[in-house]
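1. here is a sequence with its predicted model. Questions after.
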Amino acid sequence: MSDRPTTVDVLLPYALAGCYSYSVPPHLEVAAGDFIHVPLGTRHTVGVVWGDRPQPSANLKLRPIAARIELPPLPELTRRFIEWIAAYYLEPVGNILRLCLRVPGVFDARRETIGYVAGPVEPDRLTPQRTRVLEVARQGVPLRASELAAEAAVGVGVVHGLARQGALRGVALSPFLPFAAPDALGHRVALNPEQAAAAEQLRQAVAARSFSVTLIDGVTGSGKTEVYFEAMAAALSQGRQVLLLLPEIALTQSFLERVERRFRAQPAEWHSGVRQRERERVWLGAASGAAKVVVGARSALFLPWRNLGLIVVDEEHEPAFKQEDGVRYHARDMAVVLGSLGRFPVVLASATPSLESLVNAGRQRYRHVVLRHRHGVRKEIPSVELIDLRTAAPEPGRWLSPTLVAAMQEAIAKGEQVLLFLNRRGYAPLTLCRACGHRIECPNCSAWLVEHRFKRQLLCHHCGHQQATATRCPDCGAEGLLVPCGPGIERLAEEAAGLFPEAAMTLLSSDLNRGSLLKDALSDAAQGRYNLLIGTQLVAKGHHFPGLTLVGVVDGDLALETIDPRAGERTWQILAQVAGRAGRGERPGRALVQTHLPGHPLMQALAAGDRDRFLSHERRVREAALLPPFGRLAGIIGSARDAGEVERFMRALARRVPVSREVTVLGPAPAPMALVQGRHRWRFLVRAGREVNLQSFLSDWLKGVEPRGSLKLEVDVDPYSFL
Ligand code: ADP
Ligand code: ZN
């Protein structure tokens, strides 16, 4: 008799807190990690063998596993990682597994092997749906019917219909291209002494083949990227895989090309824009070990890594690493967890590290590598000057103070480039009726509609609701008395065009993010085709505009005016980053920050270029209030279609808060965003000291709570959003 298991626990990619048991039919051999098909209700689903079940309950009739899928097993590291995350974020473990299986084609035995490109025949009639399909198909990349349909947002039947008529031509899809082997030596720069010392420390961390976290803390342009490339090279020389994790918006084509140049091989890409077939290739490459360098966004952590030896998290301070819907996890923090479970080094890099990481460095939990100098011609960091909006105010209805306008004039006259920064898309954030005072709000959210003048629309930036710009007040009916209040970048553009009619100007925001519009605008900007750039946060990082010498921050206080406990830190990071865009070329740079709070410690430290001063202020504030990283927080968000229903539910929850001297529960109260997409929201905020096991408090509290009907309860451990 063999001791092969006859019953196994199987984890399914659904919101289930545990495994289901299945019997193993006699002809099958399965082991932990194997991907299998199992029956579930009336369907089949993919699952993963999680472990043996030594004592099957004798009287239970288990359903058998249907088939084993021919794939490398889900690695043990990934399985432990999944369990760790589920426990930490109080999330059903099946939901975490689902993050690992977002490549349906990989598990499908009947993989589509035909791709479609545009064919020679015109279709008999052109519907908008067909037009969209043909537009995508004309890009020339053969796509599966399902991919083509998804990209054109039509049903798959539309694709098949066009194919039958010959308007689409089927071609056999080639097998996946192999991954090019990276060259660790590749194209290296000669490191300066400061960089060389930093690189040496990282190489040692990699050589130790054990867990460590190193924070590379270096001003913009100091060569952090060149330095962590050396760590990646060291891990590649060990034959291991490397993950370079970036916030999605920093994952640009030009950055990927830089990685490709350095290692003389195209890296694998993993982010929301990667097509299905390519995702399958990368997933399989991660599983086989063939994909050596993966440049990815958050979810790349959940690839089935066979032999991961290093994770680099660039821009580690970015709040975008926090996933805010579905499973709420922080990818930087989870990169550190994955490194510790897998016993390999993690490198965090930033010009403006998070207070969390700096405190960890101060406590000697992280190694701290500092790069003080910009590499290259311009060594100085641009100077920052404050413009006091209380004394040097712009005229009413204008947003650029005379001081800023004079500086712009001077720079433009010298043929230099100017960037105006305002983190607000559209024309005006609020439309007000002068007759009755009505403010136009989103029908689904507690948010004002933002006027987008070029599109002639009012948009909700929370739910995407849009309606045509009005001339008549929806409340009192007065005609022609609606006024836009406050500026967005479109309105700034209007003001700047009036002041500098000769200047070549462009707007840079995610509104351009269709096709290659944005990419082209950014590259034109970098080549100096514009005198004047007006942009949102999108331009604040990563981009290199050699001719840029003046940055004007239109509203330095914008990010400060929120309830976020990290508002100060965010403001500092954004302002430091956007100021760092100036003076990266031959000529020195200068940043002017318009503010109503020039006396604020943050503004003072910014003007003095004194980061330590800001940090010690920030540390004191947060330590006193027991805010992260000195305390722990969790948000509990209840929502429902009906306002009374969620209120009753949350008040009932409040009555069962476990007694604890260590944990403070604030609320329940209506959330600042009390209505989102038609759902009414209430919140608790839970706060405790660092040493408290918050998870066990929360699970005691919420055990057995089952929201019914339209009620939903979400737990947000280590929240970044407080809305
Ligand atoms: P950071 O990541 O700190 O912003 P980068 O690594 O991107 O800095 O370096 C900024 C620019 O300077 C890049 O174009 C980079 O290739 C270049 N650079 C940095 N260090 C060196 C060096 N030692 N020799 C040549 N070029 C360098
Ligand atoms: Zn809305």
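-> Right, received. Where do you want to start? Predicted model, so just to flag it, every value in this text is computed and none were measured. Numbering: from 1, shown residues only. Ligands and ions are numbered 1, 2, ... in the order given.
2. quick one: contacts of the top strand by length along the chain?
-> For the chain, the strand that runs over the most residues, judged by DSSP state E, is strand 663-676. Contacting residues not belonging to strand 663-676 are listed as 444-447, 462-463, 563, 636-639, 647, 650-651, 653-654, 657, 680-688, 692, 694, 697, 722-723 [Cβ atoms under 8 Å, 6 or more residues apart in numbering]. Bear in mind the C-beta positions are built from the backbone N, C-alpha and C, glycine included.
3. and for stretch 527-534?
-> With contacts defined as Cβ under 8 Å, 6+ apart, stretch 527-534 is touched by 408, 412, 415-420, 422, 489, 492-493, 496, 500, 503-508, 524-525, 539, 545-548.
4. in helices, which of these fall?
-> 408, 412, 489, 492-493, 496, 524-525 (DSSP state H).
5. give me every residue in the chain lying close to ligand 2.
-> Neighbours of ligand 2 within the chain, by Cβ under 5 Å from the ion: 442, 444-445, 460, 462-463, 465.
6. any regions of this structure where pLDDT drops low?
-> The model of the chain has pLDDT under 70 over residues 1-3, 54-59, 109-112, 377-381, 513-516, 541-542.
7. at 50 what do you get?
-> Low-confidence segments of the chain, defined by pLDDT under 50: 1.
8. between the ones in helices among the contacts of stretch 527-534, which is nearest residue 126?
-> Among the ones in helices among the contacts of stretch 527-534, residue 524 lies closest to residue 126 (Cβ to Cβ), at 33.7 Å.
9. just the strands in the stretch 401-550 of the chain please.
-> Ranges of strands in the stretch 401-550 of the chain, per DSSP state E, counting those that start in this stretch, are 417-421, 430-433, 450-452, 457-459, 466-468, 482-485, 505-508, 532-535, 548-553.
10. in CSV, list these along with mean neighbour count.
-> Converted to CSV, the strands of the stretch 401-550 of the chain look like this (neighbours: other Cβ atoms under 10 Å):
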stretch, mean neighbour count
strand 417-421, 27
strand 430-433, 20
strand 450-452, 23
strand 457-459, 19
strand 466-468, 12
strand 482-485, 16
strand 505-508, 19
strand 532-535, 25
strand 548-553, 27
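11. nearest residue to whichever residue of the stretch 351-500 of the chain sits closest to ligand 1 other than its sequence neighbours?
-> For the stretch 351-500 of the chain, the residue closest to ligand 1 is residue 375, as judged by Cβ to the nearest ligand atom, at 3.7 Å. Beyond its immediate neighbours in the sequence, the residue positioned closest to residue 375 (Cβ to Cβ, 6 or more residues apart in numbering) is residue 223, lying 4.7 Å away.
12. give me every residue that touches the closest residue to residue 646 other than its chain neighbours.
-> Excluding the flanking residues, the one nearest residue 646 by Cβ to Cβ, 6+ apart is residue 640, at 4.0 Å. If you count contacts by Cβ under 8 Å, 6+ apart, residue 640 has them with 646, 649, 679-680, 709-712.
13. would you agree residue 233 falls within a helix?
-> Yes: using DSSP: H, G, I helix; E, B strand; the rest coil, the assignment for residue 233 is a helix.
14. which SSE is residue 605 in?
-> Assigned by DSSP states H and E, residue 605 belongs to helix 601-608.
15. buried residues, that helix. List them.
-> Within helix 601-608, the residues that count as buried by 16 or more other Cβ atoms under 10 Å are 601-607.
16. likewise for stretch 436-445?
-> So for stretch 436-445, counting by 16+ other Cβ under 10 Å, buried means 438, 440-442, 444-445.
17. which helices and strands sit right next to the following helix or strand past the longest strand of the chain?
-> Next in sequence after strand 663-676, counting helices and strands by DSSP H and E, comes strand 679-689. Strand 679-689 sits against strand 631-640, helix 643-655, strand 663-676, helix 694-702, with contacts defined as 3 or more Cβ pairs under 8 Å, 6 or more residues apart in numbering; DSSP states H and E.
18. apply 6 Å and report the result again.
-> Other elements packing on strand 679-689 under the criterion 3 or more Cβ pairs under 6 Å, 6 or more residues apart in numbering; DSSP states H and E are strand 631-640, helix 643-655, strand 663-676.
19. now those as a markdown table including distance to ligand 1?
-> Shown next, in a markdown table, are these (distance: least, Cβ to the nearest ligand atom, whole Å):
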| stretch | distance to ligand 1 |
| --- | --- |
| strand 631-640 | 31 |
| helix 643-655 | 45 |
| strand 663-676 | 35 |
